[in-house]
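Asker: let's see this in three dimensions:
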Amino acid sequence: GDEVWGFVNGVRDPGPSGAAADYILAPAKDTVLRPRSVNAVEAAALSGVGASVIGILRDHVRLRHGERVLVRGANGGVGTAAVQVARALGGQVIALAGPAHLDRLRNLGAEQAFDYHTTDPRGLGRFDVILDPVGRNMRPYRHLLAPGGRMAAMAIGSPADIAYLVASRIHGGRRVRFIQSPATGTLLTSLAEYVDNKSVLPVVDSVYPLEDIATAHRSMEKSGGFGKRVIQMA
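Answerer: Numbers count the residues shown, from 1 in each chain. Model prediction:
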């Protein structure tokens, strides 16, 4: 029969969040039918990050066809989704990631992919949109914004980064905005359309059983993977 996908928005909803469980009660408004072309593991890898980047790129920064887009941390779960969504929206996508992942990012739709370890941001040119799931060392990237450019930070690494983000809103025209766009039923429906037409595909780095969730967290803390780490229930 039909199955649904959804996302529990712990940031928006009151009460504790962040645990893993076999079962959970989710709001009906935040669940929709998932595409038949993806299985449960693939749906888990894509639903939250895919819907979120649609909300940010399409609805918040209003990415337009032909604009240049830079995606930092492009090899992660958010980054692999963002590269595909930005391309689906008509963006010219440049990706920054570790050296082992550059060819795979080009296959996902990035026009160019660079090793962030060795690439001087000043040589990348100007960008209309910068999507930053990393949240650290934002200064050199903010200065790459073209007139009218928009930089969306999805994470903040330290109090100093918070201070820099606030200062960017006061001084100068190149502003960095901290944006979170929780997955909703509307965004998941849009994501399903992209999945159905093969514009956005799930990217699974690895799968862990619930009883081995500690290993999954240790793997995530080390970073360096490609796509999402997924916990699979029995």
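
Asker: same for the lengthiest strand in the chain, what does it pack against?
Answerer: The residue-count maximum for a strand in the chain (DSSP state E) belongs to strand 145-153. The helices and strands touching strand 145-153, judged by 3 or more Cβ pairs under 8 Å, 6 or more residues apart in numbering; DSSP states H and E, are strand 127-132, strand 176-178. C-beta: built from backbone N, CA, C; applies to glycine.

Asker: which residues sit against that strand?
Answerer: 56-57, 60-62, 68, 126-132, 135, 138, 141-142, 165, 173-179 (Cβ atoms under 8 Å, 6 or more residues apart in numbering).

Asker: rerun at 7 Å
Answerer: Under the contact criterion Cβ atoms under 7 Å, 6 or more residues apart in numbering, strand 145-153 has outside partners 56, 60-61, 126-132, 135, 138, 141-142, 165, 174, 176-179.

Asker: list the buried residues in that strand.
Answerer: For strand 145-153, burial by neighbour count (16 or more other Cβ atoms under 10 Å) applies to L145, G149, R150, M151, A152, A153.

Asker: cool, stretch 86-97 as well?
Answerer: In stretch 86-97, counting by 16+ other Cβ under 10 Å, buried: A86, R87, A88, L89, G91, Q92, V93, I94, A95, L96, A97.

Asker: equivalent analysis for stretch 58-70, please.
Answerer: For stretch 58-70, a neighbour-count test (16+ other Cβ under 10 Å) marks R58, V61, L63, E67, R68, V69, L70 as buried.

Asker: now do stretch 202-217
Answerer: Using 16+ other Cβ under 10 Å as the test for burial, stretch 202-217 gives P202, V203, V204, D205, Y208, A216.

Asker: thinking again about what came up before, pick the most buried one from the helices and strands packed on strand 145-153.
Answerer: Ranked by mean neighbour count under mean count of other Cβ atoms under 10 Å, the helices and strands packed on strand 145-153 are led by strand 127-132, which reaches a mean of 25.

Asker: neighbours around S219, how many?
Answerer: Other residues lying near S219 total 15 when counted by other Cβ atoms under 10 Å.

Asker: helix/strand/coil for it?
Answerer: At S219 the chain is in helix, as set by DSSP: H, G, I helix; E, B strand; the rest coil.

Asker: check contacts around it.
Answerer: By Cβ under 7 Å, 6+ apart, the contact set of S219 is S206, G225, R229.

Asker: wait, which of these is closest to A28?
Answerer: The closest of the contacts of S219 to A28 turns out to be R229 (Cβ to Cβ; 27.6 Å).

Asker: CA atoms only for the longest strand of the chain, dumped as PDB, please.
Answerer: Taking C-alpha atoms only, strand 145-153 is exported to PDB below (Å, rounded to 0.1, in the frame of the first residue of the first chain):
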ATOM      1  CA  LEU A 145      28.400  38.000  -3.300                       C
ATOM      2  CA  ALA A 146      27.500  39.900  -6.400                       C
ATOM      3  CA  PRO A 147      25.300  43.100  -6.100                       C
ATOM      4  CA  GLY A 148      21.900  41.800  -4.900                       C
ATOM      5  CA  GLY A 149      23.500  38.500  -3.800                       C
ATOM      6  CA  ARG A 150      22.100  36.500  -1.000                       C
ATOM      7  CA  MET A 151      24.000  34.200   1.400                       C
ATOM      8  CA  ALA A 152      22.000  31.700   3.500                       C
ATOM      9  CA  ALA A 153      23.700  30.100   6.500                       C
END
